[in-house]
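Visitor: sequence first, predicted model second:
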Amino acid sequence: MGAATVLAVSIVAQMFRSTPDAPLIAHLELIEPVDPGGEIQDVDMIANKTGNLARECGAEFFETTFLYTDHAPTLEIALTHENKQVTECILARSAQQAIETQIIYRKATNAQTH
(Lines give C-alpha, C1' and ligand atoms only; values in the text may rest on other atoms or scores of the structure.)
Protein backbone atom coordinates (compact mmCIF):
# COMPACT_ATOMS: atom_id res chain seq x y z
CA MET A 1 0.00 0.00 0.00
CA GLY A 2 2.86 2.41 0.74
CA ALA A 3 4.36 1.99 -2.74
CA ALA A 4 0.98 2.55 -4.38
CA THR A 5 0.49 5.76 -2.40
CA VAL A 6 3.92 7.05 -3.37
CA LEU A 7 3.23 6.22 -7.03
CA ALA A 8 -0.16 7.96 -6.93
CA VAL A 9 1.31 11.08 -5.31
CA SER A 10 4.12 11.10 -7.88
CA ILE A 11 1.66 10.91 -10.78
CA VAL A 12 -0.52 13.69 -9.36
CA ALA A 13 2.54 15.87 -8.75
CA GLN A 14 3.64 15.44 -12.38
CA MET A 15 0.18 16.44 -13.58
CA PHE A 16 0.40 19.76 -11.72
CA ARG A 17 4.05 20.45 -12.45
CA SER A 18 4.39 23.61 -14.46
CA THR A 19 5.51 23.12 -18.02
CA PRO A 20 8.17 25.42 -19.41
CA ASP A 21 6.80 28.33 -21.39
CA ALA A 22 7.22 28.30 -25.13
CA PRO A 23 9.91 30.73 -26.26
CA LEU A 24 9.00 34.13 -27.65
CA ILE A 25 9.60 34.27 -31.38
CA ALA A 26 9.75 37.40 -33.54
CA HIS A 27 7.25 37.38 -36.41
CA LEU A 28 6.67 39.71 -39.31
CA GLU A 29 2.99 40.59 -39.28
CA LEU A 30 1.24 41.86 -42.41
CA ILE A 31 -2.13 43.52 -41.95
CA GLU A 32 -4.59 42.75 -44.72
CA PRO A 33 -5.81 45.94 -46.43
CA VAL A 34 -9.55 46.35 -45.83
CA ASP A 35 -11.68 49.08 -47.37
CA PRO A 36 -13.38 50.61 -44.32
CA GLY A 37 -16.11 52.22 -46.42
CA GLY A 38 -16.85 49.28 -48.67
CA GLU A 39 -19.16 46.34 -48.27
CA ILE A 40 -17.34 43.39 -46.69
CA GLN A 41 -17.21 40.34 -48.94
CA ASP A 42 -16.20 36.81 -47.94
CA VAL A 43 -12.76 37.32 -49.49
CA ASP A 44 -12.22 40.33 -47.16
CA MET A 45 -12.53 38.10 -44.09
CA ILE A 46 -9.26 36.26 -44.69
CA ALA A 47 -5.67 37.29 -45.28
CA ASN A 48 -6.03 36.76 -49.03
CA LYS A 49 -3.84 39.53 -50.51
CA THR A 50 -1.09 39.09 -47.92
CA GLY A 51 -1.24 35.30 -48.25
CA ASN A 52 -0.79 35.54 -52.01
CA LEU A 53 2.13 37.92 -51.55
CA ALA A 54 3.82 35.50 -49.11
CA ARG A 55 3.34 32.55 -51.47
CA GLU A 56 4.71 34.56 -54.42
CA CYS A 57 7.81 35.31 -52.32
CA GLY A 58 8.32 31.61 -51.64
CA ALA A 59 6.91 31.31 -48.11
CA GLU A 60 6.06 27.75 -47.24
CA PHE A 61 4.86 28.15 -43.64
CA PHE A 62 2.98 31.10 -42.21
CA GLU A 63 -0.06 31.70 -40.05
CA THR A 64 -3.13 33.80 -40.75
CA THR A 65 -5.95 35.27 -38.71
CA PHE A 66 -9.48 36.14 -39.74
CA LEU A 67 -11.37 39.44 -39.71
CA TYR A 68 -12.51 40.26 -36.19
CA THR A 69 -14.61 43.12 -34.96
CA ASP A 70 -11.55 44.94 -33.67
CA HIS A 71 -8.88 44.16 -36.28
CA ALA A 72 -8.25 43.22 -39.88
CA PRO A 73 -7.00 39.80 -40.96
CA THR A 74 -3.26 39.29 -40.55
CA LEU A 75 -0.49 37.08 -41.82
CA GLU A 76 2.43 36.16 -39.57
CA ILE A 77 5.73 34.60 -40.62
CA ALA A 78 8.53 33.74 -38.21
CA LEU A 79 11.65 35.86 -38.54
CA THR A 80 14.24 33.11 -38.77
CA HIS A 81 17.45 32.67 -40.69
CA GLU A 82 15.67 30.16 -42.94
CA ASN A 83 13.02 32.77 -43.83
CA LYS A 84 15.50 35.61 -44.50
CA GLN A 85 15.09 35.80 -48.29
CA VAL A 86 11.33 35.30 -48.07
CA THR A 87 10.87 38.05 -45.48
CA GLU A 88 13.09 40.45 -47.43
CA CYS A 89 10.90 39.85 -50.49
CA ILE A 90 7.72 40.26 -48.45
CA LEU A 91 8.94 43.53 -46.92
CA ALA A 92 9.93 44.99 -50.30
CA ARG A 93 6.68 44.00 -52.00
CA SER A 94 4.44 44.98 -49.10
CA ALA A 95 5.96 48.47 -49.16
CA GLN A 96 5.18 48.71 -52.90
CA GLN A 97 1.59 47.57 -52.28
CA ALA A 98 1.06 49.81 -49.20
CA ILE A 99 0.48 46.82 -46.92
CA GLU A 100 1.07 47.68 -43.28
CA THR A 101 3.71 45.58 -41.50
CA GLN A 102 5.04 45.31 -37.98
CA ILE A 103 7.26 43.06 -35.88
CA ILE A 104 5.49 41.19 -33.10
CA TYR A 105 6.80 38.80 -30.46
CA ARG A 106 4.67 35.88 -29.39
CA LYS A 107 4.94 32.36 -28.12
CA ALA A 108 5.10 29.48 -30.56
CA THR A 109 1.68 27.97 -31.18
CA ASN A 110 0.12 25.05 -32.94
CA ALA A 111 -2.02 27.36 -35.05
CA GLN A 112 -2.98 26.38 -38.55
CA THR A 113 -0.22 27.08 -41.04
CA HIS A 114 -0.47 27.48 -44.81
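Guide: Here it is on my side, so go on. Numbers count the residues shown, from 1 in each chain.
Visitor: and for the residue nearest to Leu53 when sequence neighbours are not counted, the neighbour number?
Guide: Spatial nearest neighbour of Leu53, excluding adjacent residues (Cβ to Cβ, 6 or more residues apart in numbering): Arg93 at 5.6 Å. The C-beta positions use only the backbone N, C-alpha and C, and glycine is treated the same way. Neighbour count of Arg93, defined by other Cβ atoms under 10 Å: 15.
Visitor: what residues does the host helix or strand of Arg93 touch?
Guide: Here Arg93, judged by DSSP states H and E, is contained in helix 84-96. Residues outside helix 84-96 that contact it (Cβ atoms under 8 Å, 6 or more residues apart in numbering): 28, 30, 50, 53-54, 56-59, 77, 79, 100-101.
Visitor: list the ones among those that fall in strands.
Guide: Leu28, Leu30, Ile77, Glu100, Thr101 (DSSP state E).
Visitor: which pair of the residues you listed spans the longest distance?
Guide: Using Cβ to Cβ, the two most remote members of the ones in strands among the contacts of helix 84-96 are Ile77 and Glu100, lying 14.7 Å apart.
Visitor: who's Thr101 bridged to?
Guide: Beta bridges link Thr101 to Leu30, judged by DSSP bridges.
Visitor: kindly state the pLDDT recorded for it?
Guide: Per-residue pLDDT puts Thr101 at 94.
Visitor: was I right about it contacting Leu30?
Guide: Yes - under the criterion of Cβ atoms under 8 Å, Thr101 makes contact with Leu30 at 5.4 Å.
Visitor: more neighbours, these two?
Guide: More crowded of Thr101 and Leu30, by other Cβ under 10 Å: Leu30, with 29 against 16.
Visitor: surely the more buried one and Asn48 touch.
Guide: No - contact criterion Cβ under 8 Å: Leu30 and Asn48 do not qualify, at 11.5 Å.
Visitor: so which pair among the contacts of helix 84-96 is furthest apart in space?
Guide: Maximum pairwise distance among these (Cβ to Cβ): 21.5 Å, between Gly58 and Glu100.
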